[in-house]
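Undergrad: would you be able to build a 3D model of this:
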Amino acid sequence: MSKILYVSSEAFPLIKTGGLADVAGSLPIALSNLSEDIRLLLPAYPQVMQQTENVKQLASGTYYNFKVSLLETQLPNSKVPVWLVHCPAAFDRPGSPYMDSDGQPWHDNALRFAVFCKVAVDIAMNKLNLRWQPDIVHGNDWQSGLIPALLQPCKQRPATVFTIHNLAYQGLFNYQTFLDLELPAELWHPDALEFHDQLSFIKGGLVFSDRINAVSPTYAHEILQPKYGNGLSGLLQHRQTRLSGILNGIDHSIWNPATDPHLAACYDTTTLDQKSVNKLALQKQFDLPIDAKIPLIGMISRMVEQKGLDIILQGMAEMLAMPLQLVILGTGDIHYEMQLMEWSRKYPERLKVIIGYNEPLSHLIEAGSDLFLMPSAFEPCGLNQLYSLRYGTLPIVRNVGGLADTVIDASKQNRANATANGFVVTHQSSTALLTTLKHALTLYALPEAWRQLQLTAMNGDFSWAHSAKHYIELYQQALADRDQTAD
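TA: Got it, this is the predicted structure:
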(Lines give C-alpha, C1' and ligand atoms only; values in the text may rest on other atoms or scores of the structure.)
Protein backbone atom coordinates (compact mmCIF):
# COMPACT_ATOMS: atom_id res chain seq x y z
CA MET A 1 0.00 0.00 0.00
CA SER A 2 1.22 3.49 -0.89
CA LYS A 3 0.21 6.91 0.37
CA ILE A 4 -0.82 8.97 -2.66
CA LEU A 5 -1.54 12.68 -2.92
CA TYR A 6 -3.63 13.03 -6.08
CA VAL A 7 -3.60 16.64 -7.27
CA SER A 8 -6.20 17.94 -9.72
CA SER A 9 -7.75 21.29 -10.61
CA GLU A 10 -11.19 19.68 -11.00
CA ALA A 11 -13.02 16.50 -10.01
CA PHE A 12 -16.52 15.23 -10.76
CA PRO A 13 -19.08 15.65 -9.25
CA LEU A 14 -17.70 18.64 -7.33
CA ILE A 15 -16.46 20.67 -10.31
CA LYS A 16 -16.19 19.74 -13.99
CA THR A 17 -15.17 21.42 -17.24
CA GLY A 18 -13.90 18.34 -19.09
CA GLY A 19 -12.53 14.82 -18.99
CA LEU A 20 -9.95 15.57 -16.29
CA ALA A 21 -12.79 15.94 -13.81
CA ASP A 22 -14.20 12.51 -14.68
CA VAL A 23 -10.77 10.93 -14.23
CA ALA A 24 -10.03 12.74 -10.95
CA GLY A 25 -13.46 11.79 -9.62
CA SER A 26 -13.06 8.10 -10.49
CA LEU A 27 -9.41 6.98 -10.40
CA PRO A 28 -8.88 7.87 -6.71
CA ILE A 29 -11.93 5.76 -5.83
CA ALA A 30 -10.60 2.83 -7.86
CA LEU A 31 -7.21 3.15 -6.18
CA SER A 32 -8.84 3.32 -2.76
CA ASN A 33 -10.77 0.15 -3.59
CA LEU A 34 -7.40 -1.50 -4.24
CA SER A 35 -6.32 -0.53 -0.69
CA GLU A 36 -4.19 2.46 -1.65
CA ASP A 37 -4.17 5.28 0.94
CA ILE A 38 -5.13 8.28 -1.21
CA ARG A 39 -6.03 11.94 -0.72
CA LEU A 40 -7.50 14.13 -3.47
CA LEU A 41 -6.24 17.74 -3.41
CA LEU A 42 -8.55 20.27 -5.06
CA PRO A 43 -9.02 24.06 -5.05
CA ALA A 44 -11.96 25.20 -2.92
CA TYR A 45 -14.01 26.79 -5.70
CA PRO A 46 -17.46 28.15 -4.70
CA GLN A 47 -19.17 25.29 -6.59
CA VAL A 48 -17.16 22.82 -4.53
CA MET A 49 -17.88 24.49 -1.20
CA GLN A 50 -21.61 24.53 -1.96
CA GLN A 51 -21.61 20.73 -2.27
CA THR A 52 -19.43 19.78 0.67
CA GLU A 53 -20.55 18.65 4.09
CA ASN A 54 -18.82 18.03 7.40
CA VAL A 55 -15.86 20.22 6.46
CA LYS A 56 -13.07 20.56 9.00
CA GLN A 57 -9.90 22.62 8.94
CA LEU A 58 -6.62 20.72 8.97
CA ALA A 59 -4.07 23.52 8.68
CA SER A 60 -3.57 27.14 7.71
CA GLY A 61 -0.81 29.34 6.42
CA THR A 62 0.15 32.29 4.24
CA TYR A 63 1.14 31.95 0.60
CA TYR A 64 1.99 35.03 -1.50
CA ASN A 65 0.43 37.13 1.29
CA PHE A 66 -2.84 35.25 0.92
CA LYS A 67 -4.43 33.51 3.87
CA VAL A 68 -4.91 29.85 2.99
CA SER A 69 -6.67 27.08 4.88
CA LEU A 70 -6.52 23.37 4.16
CA LEU A 71 -9.94 21.84 4.63
CA GLU A 72 -11.03 18.21 4.67
CA THR A 73 -14.23 16.68 3.34
CA GLN A 74 -15.09 13.54 1.38
CA LEU A 75 -15.61 12.75 -2.29
CA PRO A 76 -19.35 12.07 -2.68
CA ASN A 77 -20.35 8.41 -2.74
CA SER A 78 -16.90 7.26 -1.68
CA LYS A 79 -14.52 6.98 1.24
CA VAL A 80 -11.85 9.10 -0.46
CA PRO A 81 -10.80 12.13 1.63
CA VAL A 82 -10.76 15.42 -0.28
CA TRP A 83 -8.40 18.15 0.85
CA LEU A 84 -9.45 21.60 -0.28
CA VAL A 85 -7.10 24.53 -0.73
CA HIS A 86 -9.31 27.32 0.60
CA CYS A 87 -7.95 30.64 -0.59
CA PRO A 88 -10.79 33.09 -1.29
CA ALA A 89 -8.50 35.59 -3.02
CA ALA A 90 -7.52 32.93 -5.57
CA PHE A 91 -10.54 30.70 -5.94
CA ASP A 92 -13.68 32.37 -4.60
CA ARG A 93 -15.03 33.73 -7.86
CA PRO A 94 -17.98 32.81 -10.09
CA GLY A 95 -18.02 30.77 -13.26
CA SER A 96 -15.30 28.62 -14.74
CA PRO A 97 -12.23 27.60 -12.73
CA TYR A 98 -10.02 28.94 -15.50
CA MET A 99 -12.00 31.57 -17.45
CA ASP A 100 -13.78 34.83 -16.68
CA SER A 101 -17.27 35.73 -17.90
CA ASP A 102 -15.82 36.90 -21.24
CA GLY A 103 -14.24 33.52 -21.89
CA GLN A 104 -10.73 34.80 -21.25
CA PRO A 105 -8.27 33.14 -18.84
CA TRP A 106 -8.35 34.71 -15.38
CA HIS A 107 -5.62 37.38 -15.34
CA ASP A 108 -4.00 35.82 -12.27
CA ASN A 109 -4.15 32.12 -13.19
CA ALA A 110 -0.40 31.73 -12.68
CA LEU A 111 -0.65 33.08 -9.14
CA ARG A 112 -3.79 31.08 -8.34
CA PHE A 113 -2.27 27.75 -9.30
CA ALA A 114 1.13 28.62 -7.85
CA VAL A 115 -0.65 28.91 -4.49
CA PHE A 116 -2.26 25.54 -5.16
CA CYS A 117 1.09 23.94 -6.06
CA LYS A 118 2.92 25.39 -3.05
CA VAL A 119 0.32 23.99 -0.67
CA ALA A 120 0.76 20.60 -2.36
CA VAL A 121 4.54 20.83 -1.90
CA ASP A 122 4.15 21.62 1.80
CA ILE A 123 1.83 18.62 2.22
CA ALA A 124 4.31 16.47 0.33
CA MET A 125 7.17 17.52 2.59
CA ASN A 126 5.06 17.19 5.76
CA LYS A 127 5.36 20.88 6.63
CA LEU A 128 1.72 21.24 7.67
CA ASN A 129 1.90 18.71 10.52
CA LEU A 130 -0.86 16.53 9.10
CA ARG A 131 0.64 13.29 10.39
CA TRP A 132 0.32 11.96 6.86
CA GLN A 133 3.07 12.26 4.26
CA PRO A 134 2.60 10.85 0.76
CA ASP A 135 4.93 8.36 -0.86
CA ILE A 136 3.77 9.59 -4.27
CA VAL A 137 2.48 12.93 -5.50
CA HIS A 138 0.43 12.48 -8.67
CA GLY A 139 -0.16 15.71 -10.59
CA ASN A 140 -2.43 16.31 -13.56
CA ASP A 141 -1.99 18.86 -16.36
CA TRP A 142 -0.37 22.27 -16.19
CA GLN A 143 -2.18 23.51 -13.10
CA SER A 144 -0.07 21.13 -10.98
CA GLY A 145 3.10 21.35 -13.07
CA LEU A 146 5.16 23.39 -10.59
CA ILE A 147 4.96 20.67 -7.94
CA PRO A 148 7.63 18.28 -9.35
CA ALA A 149 9.95 21.23 -10.10
CA LEU A 150 9.70 22.55 -6.54
CA LEU A 151 10.05 19.09 -4.99
CA GLN A 152 13.04 18.02 -7.08
CA PRO A 153 15.81 19.48 -4.83
CA CYS A 154 14.15 18.36 -1.59
CA LYS A 155 15.73 15.56 0.38
CA GLN A 156 13.48 12.63 1.31
CA ARG A 157 10.83 13.86 -1.09
CA PRO A 158 7.95 11.71 -2.37
CA ALA A 159 8.14 10.21 -5.83
CA THR A 160 6.37 12.26 -8.49
CA VAL A 161 4.05 11.17 -11.31
CA PHE A 162 2.64 13.60 -13.86
CA THR A 163 -0.27 12.80 -16.17
CA ILE A 164 -0.74 14.59 -19.50
CA HIS A 165 -4.45 14.86 -20.24
CA ASN A 166 -4.04 17.35 -23.09
CA LEU A 167 -0.65 18.71 -24.16
CA ALA A 168 -2.28 21.61 -26.00
CA TYR A 169 -2.91 23.36 -22.66
CA GLN A 170 0.47 24.29 -21.16
CA GLY A 171 0.07 27.15 -18.70
CA LEU A 172 2.27 29.73 -20.45
CA PHE A 173 3.06 33.09 -18.84
CA ASN A 174 5.61 35.87 -19.29
CA TYR A 175 8.99 36.29 -17.59
CA GLN A 176 7.64 38.94 -15.24
CA THR A 177 5.21 36.36 -13.89
CA PHE A 178 8.16 34.05 -13.17
CA LEU A 179 9.75 36.86 -11.15
CA ASP A 180 6.49 37.75 -9.41
CA LEU A 181 6.03 34.14 -8.30
CA GLU A 182 9.50 34.22 -6.71
CA LEU A 183 10.40 30.86 -8.17
CA PRO A 184 14.01 29.65 -7.77
CA ALA A 185 16.22 31.49 -10.27
CA GLU A 186 17.76 28.25 -11.54
CA LEU A 187 14.32 27.20 -12.89
CA TRP A 188 14.52 29.94 -15.54
CA HIS A 189 16.39 27.77 -18.00
CA PRO A 190 15.47 25.87 -21.20
CA ASP A 191 16.15 22.64 -19.28
CA ALA A 192 13.65 23.72 -16.64
CA LEU A 193 10.59 26.01 -16.81
CA GLU A 194 11.66 28.43 -19.54
CA PHE A 195 9.98 27.81 -22.90
CA HIS A 196 10.81 30.27 -25.68
CA ASP A 197 11.14 33.16 -23.19
CA GLN A 198 7.96 32.16 -21.39
CA LEU A 199 7.24 30.45 -18.09
CA SER A 200 5.75 27.01 -18.78
CA PHE A 201 3.94 25.34 -15.90
CA ILE A 202 3.57 22.06 -17.76
CA LYS A 203 7.33 21.79 -18.27
CA GLY A 204 7.68 21.48 -14.51
CA GLY A 205 5.86 18.17 -14.75
CA LEU A 206 7.52 17.00 -17.95
CA VAL A 207 11.11 17.83 -16.93
CA PHE A 208 11.15 16.94 -13.24
CA SER A 209 8.66 14.12 -12.62
CA ASP A 210 10.00 10.67 -11.91
CA ARG A 211 7.39 9.24 -14.27
CA ILE A 212 5.21 10.82 -16.95
CA ASN A 213 2.16 9.21 -18.45
CA ALA A 214 -0.38 10.10 -21.09
CA VAL A 215 -4.00 8.97 -20.94
CA SER A 216 -3.74 6.42 -23.74
CA PRO A 217 -0.91 4.34 -25.25
CA THR A 218 -1.39 5.82 -28.74
CA TYR A 219 -1.34 9.41 -27.45
CA ALA A 220 1.88 8.65 -25.54
CA HIS A 221 3.41 7.66 -28.88
CA GLU A 222 1.85 10.54 -30.84
CA ILE A 223 3.22 13.31 -28.62
CA LEU A 224 6.76 12.24 -29.48
CA GLN A 225 6.03 13.57 -32.97
CA PRO A 226 6.08 17.31 -33.81
CA LYS A 227 2.55 17.09 -35.27
CA TYR A 228 1.06 16.30 -31.87
CA GLY A 229 3.80 17.47 -29.52
CA ASN A 230 2.80 21.17 -29.32
CA GLY A 231 6.44 22.23 -29.33
CA LEU A 232 7.40 19.73 -26.62
CA SER A 233 8.08 16.61 -28.68
CA GLY A 234 11.85 17.05 -28.35
CA LEU A 235 11.65 17.19 -24.55
CA LEU A 236 9.36 14.17 -24.49
CA GLN A 237 11.72 12.23 -26.78
CA HIS A 238 14.51 13.06 -24.31
CA ARG A 239 12.40 11.64 -21.46
CA GLN A 240 10.92 8.81 -23.49
CA THR A 241 12.17 6.10 -21.14
CA ARG A 242 10.07 7.68 -18.35
CA LEU A 243 6.95 8.12 -20.52
CA SER A 244 4.12 5.61 -20.82
CA GLY A 245 0.43 5.54 -21.68
CA ILE A 246 -2.43 4.25 -19.53
CA LEU A 247 -5.92 4.28 -20.96
CA ASN A 248 -8.54 6.11 -18.91
CA GLY A 249 -11.39 4.09 -17.53
CA ILE A 250 -15.01 4.98 -16.83
CA ASP A 251 -16.98 4.79 -13.60
CA HIS A 252 -19.51 2.01 -14.07
CA SER A 253 -21.50 3.22 -11.07
CA ILE A 254 -22.21 6.47 -12.97
CA TRP A 255 -22.14 5.33 -16.59
CA ASN A 256 -24.24 2.17 -16.65
CA PRO A 257 -27.34 1.93 -18.85
CA ALA A 258 -28.78 -0.75 -16.58
CA THR A 259 -28.97 1.59 -13.56
CA ASP A 260 -28.67 5.14 -14.95
CA PRO A 261 -31.29 7.35 -13.21
CA HIS A 262 -31.20 9.91 -16.05
CA LEU A 263 -32.67 7.53 -18.63
CA ALA A 264 -36.27 7.13 -19.74
CA ALA A 265 -35.70 3.36 -19.67
CA CYS A 266 -32.75 1.36 -18.39
CA TYR A 267 -31.37 -1.53 -20.38
CA ASP A 268 -28.49 -3.98 -20.76
CA THR A 269 -27.37 -6.52 -23.37
CA THR A 270 -30.35 -8.75 -22.57
CA THR A 271 -32.92 -5.94 -22.79
CA LEU A 272 -31.38 -3.89 -25.59
CA ASP A 273 -34.74 -3.19 -27.21
CA GLN A 274 -35.45 -0.83 -24.31
CA LYS A 275 -32.77 1.49 -25.67
CA SER A 276 -35.29 2.75 -28.23
CA VAL A 277 -37.45 4.20 -25.43
CA ASN A 278 -34.64 6.68 -24.74
CA LYS A 279 -34.46 7.55 -28.41
CA LEU A 280 -38.15 8.39 -28.50
CA ALA A 281 -37.76 10.43 -25.29
CA LEU A 282 -34.90 12.38 -26.86
CA GLN A 283 -36.89 13.04 -30.04
CA LYS A 284 -39.87 14.18 -28.00
CA GLN A 285 -37.81 16.44 -25.73
CA PHE A 286 -36.31 18.28 -28.70
CA ASP A 287 -39.39 18.33 -30.89
CA LEU A 288 -37.82 16.12 -33.54
CA PRO A 289 -40.06 13.91 -35.67
CA ILE A 290 -40.75 10.83 -33.56
CA ASP A 291 -39.51 7.89 -35.56
CA ALA A 292 -37.79 4.84 -34.07
CA LYS A 293 -36.36 3.84 -37.44
CA ILE A 294 -34.54 7.02 -38.43
CA PRO A 295 -30.90 6.95 -37.23
CA LEU A 296 -30.23 9.48 -34.49
CA ILE A 297 -26.68 10.77 -34.01
CA GLY A 298 -25.51 12.37 -30.78
CA MET A 299 -22.54 14.61 -30.07
CA ILE A 300 -21.43 15.94 -26.67
CA SER A 301 -18.33 18.04 -26.95
CA ARG A 302 -16.39 21.17 -26.26
CA MET A 303 -16.89 23.24 -29.40
CA VAL A 304 -13.25 23.75 -30.30
CA GLU A 305 -11.11 22.98 -33.32
CA GLN A 306 -9.65 19.86 -31.71
CA LYS A 307 -13.04 18.16 -31.71
CA GLY A 308 -13.44 18.13 -35.49
CA LEU A 309 -16.00 20.95 -35.72
CA ASP A 310 -14.44 22.22 -38.95
CA ILE A 311 -14.97 19.00 -40.91
CA ILE A 312 -18.45 18.61 -39.43
CA LEU A 313 -19.46 22.09 -40.54
CA GLN A 314 -17.86 21.63 -43.97
CA GLY A 315 -19.95 18.50 -44.49
CA MET A 316 -23.10 19.68 -42.71
CA ALA A 317 -25.16 20.38 -45.84
CA GLU A 318 -24.57 16.88 -47.20
CA MET A 319 -24.98 15.33 -43.77
CA LEU A 320 -28.38 16.93 -43.21
CA ALA A 321 -29.49 15.80 -46.66
CA MET A 322 -29.19 12.21 -45.40
CA PRO A 323 -32.05 10.43 -43.61
CA LEU A 324 -30.88 11.14 -40.06
CA GLN A 325 -31.32 13.30 -36.97
CA LEU A 326 -28.47 15.03 -35.12
CA VAL A 327 -28.43 16.30 -31.50
CA ILE A 328 -25.39 18.31 -30.35
CA LEU A 329 -24.71 19.40 -26.75
CA GLY A 330 -21.75 21.54 -25.79
CA THR A 331 -20.14 24.92 -25.43
CA GLY A 332 -16.95 26.51 -26.65
CA ASP A 333 -15.73 28.91 -29.30
CA ILE A 334 -18.45 31.39 -30.18
CA HIS A 335 -18.00 31.08 -33.96
CA TYR A 336 -18.68 27.32 -33.79
CA GLU A 337 -21.69 27.88 -31.54
CA MET A 338 -23.14 30.47 -33.92
CA GLN A 339 -22.63 28.37 -37.05
CA LEU A 340 -24.24 25.31 -35.47
CA MET A 341 -27.18 27.34 -34.20
CA GLU A 342 -27.68 28.78 -37.70
CA TRP A 343 -27.75 25.28 -39.21
CA SER A 344 -30.27 24.19 -36.56
CA ARG A 345 -32.55 27.10 -37.46
CA LYS A 346 -32.45 26.07 -41.13
CA TYR A 347 -33.09 22.38 -40.40
CA PRO A 348 -35.22 22.23 -37.22
CA GLU A 349 -36.47 18.71 -38.00
CA ARG A 350 -32.96 17.34 -38.51
CA LEU A 351 -30.64 19.19 -36.11
CA LYS A 352 -30.93 20.34 -32.50
CA VAL A 353 -28.09 22.25 -30.83
CA ILE A 354 -28.00 22.86 -27.07
CA ILE A 355 -25.36 25.34 -25.93
CA GLY A 356 -24.17 24.62 -22.41
CA TYR A 357 -23.28 21.81 -20.03
CA ASN A 358 -25.98 19.44 -18.81
CA GLU A 359 -24.94 16.21 -17.12
CA PRO A 360 -28.38 14.50 -17.03
CA LEU A 361 -29.00 15.36 -20.67
CA SER A 362 -25.61 13.99 -21.68
CA HIS A 363 -26.65 10.62 -20.25
CA LEU A 364 -29.91 10.65 -22.19
CA ILE A 365 -28.09 11.58 -25.41
CA GLU A 366 -25.67 8.69 -24.91
CA ALA A 367 -28.56 6.27 -24.39
CA GLY A 368 -30.97 7.68 -26.95
CA SER A 369 -28.58 7.99 -29.88
CA ASP A 370 -27.78 5.23 -32.35
CA LEU A 371 -24.42 6.74 -33.28
CA PHE A 372 -22.05 9.10 -31.51
CA LEU A 373 -20.05 11.67 -33.49
CA MET A 374 -16.44 12.26 -32.35
CA PRO A 375 -14.14 13.02 -35.32
CA SER A 376 -11.39 14.67 -33.25
CA ALA A 377 -8.25 15.99 -34.93
CA PHE A 378 -6.42 14.64 -31.87
CA GLU A 379 -7.75 13.02 -28.72
CA PRO A 380 -5.48 12.14 -25.77
CA CYS A 381 -7.95 9.52 -24.57
CA GLY A 382 -11.55 10.56 -24.94
CA LEU A 383 -14.25 9.43 -22.56
CA ASN A 384 -17.43 9.94 -24.56
CA GLN A 385 -16.55 7.14 -26.96
CA LEU A 386 -16.17 4.87 -23.90
CA TYR A 387 -19.56 5.97 -22.56
CA SER A 388 -21.03 5.38 -26.01
CA LEU A 389 -19.62 1.86 -26.21
CA ARG A 390 -21.03 1.10 -22.79
CA TYR A 391 -24.47 2.34 -23.92
CA GLY A 392 -24.50 0.47 -27.24
CA THR A 393 -24.26 3.76 -29.14
CA LEU A 394 -21.72 3.15 -31.88
CA PRO A 395 -19.02 5.85 -32.07
CA ILE A 396 -17.80 7.48 -35.27
CA VAL A 397 -14.21 8.52 -34.51
CA ARG A 398 -10.86 9.44 -36.00
CA ASN A 399 -8.04 6.93 -35.65
CA VAL A 400 -6.04 9.08 -33.21
CA GLY A 401 -5.03 8.83 -29.55
CA GLY A 402 -7.36 6.97 -27.25
CA LEU A 403 -9.97 6.72 -30.01
CA ALA A 404 -7.61 4.45 -31.94
CA ASP A 405 -7.04 2.38 -28.80
CA THR A 406 -10.72 1.76 -28.10
CA VAL A 407 -12.79 1.82 -31.30
CA ILE A 408 -12.44 -0.98 -33.86
CA ASP A 409 -13.82 -0.21 -37.31
CA ALA A 410 -16.81 -2.11 -38.64
CA SER A 411 -14.93 -3.45 -41.63
CA LYS A 412 -16.11 -6.68 -43.17
CA GLN A 413 -13.23 -8.62 -41.60
CA ASN A 414 -13.69 -7.11 -38.13
CA ARG A 415 -17.42 -7.81 -38.26
CA ALA A 416 -16.69 -11.40 -39.30
CA ASN A 417 -14.48 -12.00 -36.27
CA ALA A 418 -16.86 -10.05 -33.96
CA THR A 419 -14.34 -7.42 -32.85
CA ALA A 420 -15.93 -4.39 -34.54
CA ASN A 421 -17.58 -1.88 -32.20
CA GLY A 422 -17.76 1.39 -34.16
CA PHE A 423 -16.69 3.35 -37.21
CA VAL A 424 -13.30 4.91 -37.94
CA VAL A 425 -12.66 8.00 -40.05
CA THR A 426 -9.22 7.56 -41.60
CA HIS A 427 -8.48 11.17 -42.59
CA GLN A 428 -9.32 14.56 -41.08
CA SER A 429 -11.58 15.71 -43.88
CA SER A 430 -15.30 16.17 -44.42
CA THR A 431 -15.12 13.73 -47.35
CA ALA A 432 -13.70 10.97 -45.16
CA LEU A 433 -16.24 11.74 -42.43
CA LEU A 434 -19.18 11.57 -44.83
CA THR A 435 -17.88 8.31 -46.36
CA THR A 436 -17.71 6.73 -42.90
CA LEU A 437 -21.14 8.06 -41.98
CA LYS A 438 -22.66 6.55 -45.13
CA HIS A 439 -21.09 3.20 -44.25
CA ALA A 440 -22.61 3.44 -40.76
CA LEU A 441 -26.06 4.22 -42.15
CA THR A 442 -25.80 1.25 -44.52
CA LEU A 443 -25.17 -1.10 -41.61
CA TYR A 444 -27.86 0.57 -39.51
CA ALA A 445 -30.33 -0.67 -42.12
CA LEU A 446 -29.25 -4.28 -41.32
CA PRO A 447 -30.73 -5.00 -37.87
CA GLU A 448 -28.85 -8.24 -37.17
CA ALA A 449 -25.47 -6.77 -38.13
CA TRP A 450 -26.22 -3.65 -36.08
CA ARG A 451 -27.23 -5.66 -33.01
CA GLN A 452 -23.94 -7.59 -33.15
CA LEU A 453 -21.96 -4.33 -33.25
CA GLN A 454 -23.90 -3.04 -30.24
CA LEU A 455 -23.32 -6.22 -28.23
CA THR A 456 -19.59 -6.18 -28.97
CA ALA A 457 -19.43 -2.54 -27.89
CA MET A 458 -21.34 -3.11 -24.66
CA ASN A 459 -19.29 -6.16 -23.68
CA GLY A 460 -15.98 -4.27 -23.74
CA ASP A 461 -14.23 -3.75 -20.39
CA PHE A 462 -13.22 -0.13 -19.87
CA SER A 463 -13.60 -0.06 -16.09
CA TRP A 464 -11.25 1.88 -13.83
CA ALA A 465 -10.40 -1.29 -11.91
CA HIS A 466 -8.29 -2.44 -14.85
CA SER A 467 -6.52 0.89 -15.40
CA ALA A 468 -5.97 1.52 -11.68
CA LYS A 469 -3.76 -1.57 -11.47
CA HIS A 470 -1.54 -0.07 -14.17
CA TYR A 471 -1.28 3.13 -12.13
CA ILE A 472 -0.14 1.17 -9.09
CA GLU A 473 2.60 -0.35 -11.25
CA LEU A 474 3.51 3.16 -12.45
CA TYR A 475 3.79 4.37 -8.85
CA GLN A 476 6.18 1.54 -8.04
CA GLN A 477 8.31 2.50 -11.05
CA ALA A 478 8.32 6.14 -9.91
CA LEU A 479 9.46 5.15 -6.43
CA ALA A 480 12.26 3.05 -7.90
CA ASP A 481 13.31 5.90 -10.21
CA ARG A 482 13.34 8.38 -7.33
CA ASP A 483 15.50 6.07 -5.21
CA GLN A 484 17.87 5.51 -8.11
CA THR A 485 18.20 9.26 -8.66
CA ALA A 486 18.82 9.83 -4.94
CA ASP A 487 21.63 7.30 -5.01
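
Undergrad: which ones are touching the residue nearest to residue 385 when sequence neighbours are not counted?
TA: The spatially closest residue to residue 385, leaving aside those adjacent along the chain, is residue 395, at 4.2 Å (C-beta to C-beta, 6 or more residues apart in numbering). Just so you know, the C-beta spots here come from the backbone N, C-alpha and C atoms, and that holds for glycine as well. For residue 395, the contact set (C-beta atoms under 8 Å, 6 or more residues apart in numbering) comprises 371-372, 374, 384-385, 388-389, 403, 407, 421-423.

Undergrad: between those, which is nearest residue 80?
TA: residue 384 (24.2 Å; C-beta to C-beta).

Undergrad: shouldn't residue 218 be in contact with residue 245?
TA: Yes: judged on C-beta atoms under 8 Å, residue 218 makes contact with residue 245 at a distance of 7.0 Å.

Undergrad: which neighbours do the two share?
TA: Here residue 218 and residue 245 have no joint contacts, going by C-beta under 8 Å, 6+ apart.

Undergrad: quick one: buried residues of the helix or strand where residue 481 lies?
TA: Secondary structure assignment for residue 481, by DSSP states H and E: helix 464-486. If you call a residue buried by 16 or more other C-beta atoms under 10 Å, then helix 464-486 has these buried ones: 464, 467-468, 471-472, 474-475, 477-479, 481-482.

Undergrad: mind listing what residue 1 touches?
TA: Applying C-beta under 8 Å, 6+ apart to residue 1 gives the contacts 35-37.

Undergrad: nearest to residue 104 among those?
TA: Out of those, the member with the shortest distance to residue 104 (by C-beta to C-beta) is residue 36, at 38.5 Å.

Undergrad: my guess is that closest one meets residue 2, correct?
TA: Yes: in terms of C-beta under 8 Å, residue 36 counts as a neighbour of residue 2; the distance is 5.8 Å.

Undergrad: residues shared between the contacts of these two?
TA: Counting by C-beta under 8 Å, 6+ apart, the contacts common to residue 36 and residue 2 are residue 472.

Undergrad: which one of those two has more residues nearby?
TA: It is residue 36, of residue 36 and residue 2, that has more neighbours when counted by other C-beta atoms under 10 Å, with 21 against 18.

Undergrad: in contact with that one, which residues?
TA: Neighbour list for residue 36: 1-2, 4, 472 [criterion: C-beta under 8 Å, 6+ apart].

Undergrad: all helices of the stretch 101-250 of the chain, in order?
TA: Secondary structure of the stretch 101-250 of the chain (DSSP state H, counting those that start in this stretch): helices located at 109-124, 146-151, 175-180, 201-208, 217-222, 226-229, 233-238.

Undergrad: neighbour count and distance to residue 121 added to the contacts of residue 395, as JSON lines?
TA: Shown next, in JSON lines, are the contacts of residue 395 (neighbours: other C-beta atoms under 10 Å; distance: C-beta to C-beta, whole Å):
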{"residue": "371", "neighbour count": "23", "distance to residue 121": "46"}
{"residue": "372", "neighbour count": "26", "distance to residue 121": "41"}
{"residue": "374", "neighbour count": "24", "distance to residue 121": "37"}
{"residue": "384", "neighbour count": "27", "distance to residue 121": "34"}
{"residue": "385", "neighbour count": "27", "distance to residue 121": "36"}
{"residue": "388", "neighbour count": "31", "distance to residue 121": "39"}
{"residue": "389", "neighbour count": "25", "distance to residue 121": "39"}
{"residue": "403", "neighbour count": "29", "distance to residue 121": "36"}
{"residue": "407", "neighbour count": "28", "distance to residue 121": "40"}
{"residue": "421", "neighbour count": "26", "distance to residue 121": "43"}
{"residue": "422", "neighbour count": "27", "distance to residue 121": "43"}
{"residue": "423", "neighbour count": "24", "distance to residue 121": "46"}
